[in-house]
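A.B. asks: Quick one, what's the 3D model for this:
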Amino acid sequence: MIRISHLQYLSVLGVLCAAIWLALAVDPYERSTWLLENVLVVVFVALVAGTHRIFPLSRISYTLLFLFFCLHALGAHYTYMRVPYDAWSQQLIGLSLSDLFGLERNHFDRAIHFSYGLMLAYPIREIFIRIANVRGFWGYFLPLDLTMSSSMIYELIEWGAEVVFGGEASVDFLGTQGDPWDAHKDMALASLGALISMLLTAMINLTIQRDFAREWNDSLKVKGVEPLGEDSIIRMLHEADDDASKS
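C.D. replies: Sure thing, here's the model as predicted:
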């Protein structure tokens, strides 16, 4: 069995990412919207590339990040509300997805928010486990929690971009398409995607991890019997006084 290193695998995905990104960077629907959509992407890709030696992720995580990047690059090229998936489905299968499912708006942005949770929750879980050393219940809840909160932060970024820049570019960036509950639905879909990802991960681990139940139970046991808050402050002050008296 031929195995390639994480660096080789990431290099292949990096070349594919660059090729796809450059192809979709040519003549986007609206250049200013494309720039807004890609600011965070450039930062994120640079972060992944810059940490690959000291903190290489699994091939699964890299693959999920790559797939999400490709979907986002496609949405940035057309702007999310104008991705012509209906025309593509009619060419491929002779059916309109909007007519088939009774859709009244372009739902590509909805699919991306769902994909955000579905595809990024696992890499986030890997980071939590390897850095924060979380186990059991918290190894599934915290990735879900961070995915939900980061989805909310992105909605705030969209709102801020609209306030600061205004104009057609910010409208395309927001992509609400007249739906006053757009942000709420986007966050709900990202949360649903992350929940599905963590449930699938838990099911797989339940099947193959021998100490799954013990690890889960141990993670929910009380580790510190003494309360924190003001009690903790008093203890630290007493410890500081003791250290000062000894010196």
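
A.B. asks: helices and strands of this structure: which one bottoms out on pLDDT?
C.D. replies: helix 167-174 (a mean of 54; mean pLDDT, DSSP states H and E).

A.B. asks: next helix or strand past that helix?
C.D. replies: Next helix or strand after helix 167-174 toward the C-terminus (DSSP states H and E): helix 182-208.

A.B. asks: Summarise which helices and strands that following helix is packed against.
C.D. replies: Where contact means 3 or more Cβ pairs under 8 Å, 6 or more residues apart in numbering; DSSP states H and E, helix 182-208 is packed against helix 108-127, helix 138-165. For every residue, glycine as well, the C-beta is placed using N, CA and C.

A.B. asks: how about it: buried residues?
C.D. replies: Residues of helix 182-208 classed as buried under the neighbour-count rule (16 or more other Cβ atoms under 10 Å) are 182-183, 186-191, 193-195, 197-198, 201-202.

A.B. asks: got the angle between it and helix 108-127?
C.D. replies: Per axes from the mean of the first three to the mean of the last three Cα atoms, to 10 degrees, the angle that helix 182-208 makes with helix 108-127 is 40 degrees.

A.B. asks: after helix 182-208, next one along is what?
C.D. replies: Following helix 182-208 toward the C-terminus (DSSP H and E): helix 212-219.

A.B. asks: just curious, which of the buried residues of helix 182-208 is nearest to residue 97?
C.D. replies: residue 189 (16.7 Å; Cβ to Cβ).

A.B. asks: my guess is residue 65 meets residue 48, correct?
C.D. replies: Yes. Using Cβ atoms under 8 Å, residue 65 makes contact with residue 48 at a distance of 6.7 Å.
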